[in-house]
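> no letters, just coordinates:
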């Protein structure tokens, strides 16, 4: 067996984050009596991605991200939200925790890998209560040995600290036995490469791969993991 451990990213690798955030945003805005249009969703996604990039680069803290994205959205679109932004953020996170939408093939590949004797864990920069709720609600919950969330470690991918934490949780396996699978070049792939483990870039949109980051593998469907895993 080539790998004994796989670290899966959560958002946009196993869980359909775009569908989840659209669901959560629509539900939170509905409570305010506001229709969630495509314009609102697109504006939110741009703002949210900018702030997650800042978080990944350690420019802002997670608590700031949680509310700042909505403060900017409300200001940019002049949304008539009556609630305090902190309350609105918590409503959104509660709804996001319900949104256990899976990426196509996620259940089948996790079952296949688990049945093959590979130990599966999740390593994510996401918000802990959201990730834990989504995983618990999903059909994937039974497959994971560990769920490593950046909030618990004090570090976020690509920082080596989160990988140190994950390896300690797994009993300090040989790095040659561990593979990370994720959709982000800057957090999942760079983090894995810098830490000295093999990497698998999940790239369903066939995005170009910059020369400075070279994953061990690149796949466009999760089922393609079968071609090299054993």
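In hand now; what should we look at? All values derive from a computational prediction rather than experimental measurement.

> which stretches of this structure have low pLDDT?
Where the chain drops to pLDDT under 70, the residues are 1.

> would you list every one of the strands in it?
5-8, 119-124, 144-149, 178-182, 198-202, 217-219 (DSSP state E).

> residue contacts, the residue nearest to residue 91 when sequence neighbours are not counted?
Excluding the flanking residues, the one nearest residue 91 by CB to CB, 6 or more residues apart in numbering is residue 28, at 4.6 Å. C-betas here are computed from N, CA, C, even on glycine. By CB atoms under 8 Å, 6 or more residues apart in numbering, the residues touching residue 28 are 88, 91-92, 95.

> so of these, which ones are in helices?
Applying DSSP state H to these, the entries found in helices are 88, 91-92, 95.

> and those residues, which two are the farthest apart?
Greatest spatial distance among those (CB to CB): 88 and 95, at 10.9 Å.

> hmm, who's touching stretch 134-144?
Here stretch 134-144 has contacts from 10, 14-15, 20, 96-100, 102, 106-107, 110-111, 113-114, 120-122, 147, using CB under 8 Å, 6+ apart.

> could I get the ones in helices among the contacts of residue 28 as TSV with distance to residue 219 and neighbour count?
As requested, the ones in helices among the contacts of residue 28 are exported to TSV (distance: CB to CB, whole Å; neighbours: other CB atoms under 10 Å):
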residue	distance to residue 219	neighbour count
88	37	22
91	36	18
92	31	22
95	31	20
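
> and which of these is nearest residue 49?
Using CB to CB, the ones in helices among the contacts of residue 28 come closest to residue 49 at residue 92, 15.7 Å.

> wait, the closest one sits on residue 25?
Yes: using CB atoms under 8 Å, residue 92 is in contact with residue 25, at 6.6 Å.

> tell me where the longest helix sits in the chain.
Longest helix of the chain, by residue count under DSSP H: helix 38-56.

> can you give me the buried ones in it?
With burial defined by 16 or more other CB atoms under 10 Å, the residues of helix 38-56 counted as buried are 40-41, 43-45, 47-48, 51-52, 55-56.

> format those as CSV; extra columns: distance to residue 179.
Below are the buried residues of helix 38-56 laid out as CSV (distance: CB to CB, whole Å):
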residue, distance to residue 179
40, 38
41, 33
43, 36
44, 33
45, 29
47, 33
48, 28
51, 29
52, 24
55, 25
56, 21
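
> tell me the one among those residues nearest to residue 173.
Nearest member of the buried residues of helix 38-56 to residue 173, counting by CB to CB, is residue 56, at 25.3 Å.

> return the distance of the closest one relative to residue 142.
30 Å (CB to CB, to the nearest Å).

> state the number of residues packed around the closest residue to residue 4 other than its chain neighbours.
The shortest distance from residue 4 to any non-neighbouring residue, by CB to CB, 6+ apart, is to residue 177 (4.3 Å). Using other CB atoms under 10 Å, the number of residues around residue 177 comes to 17.
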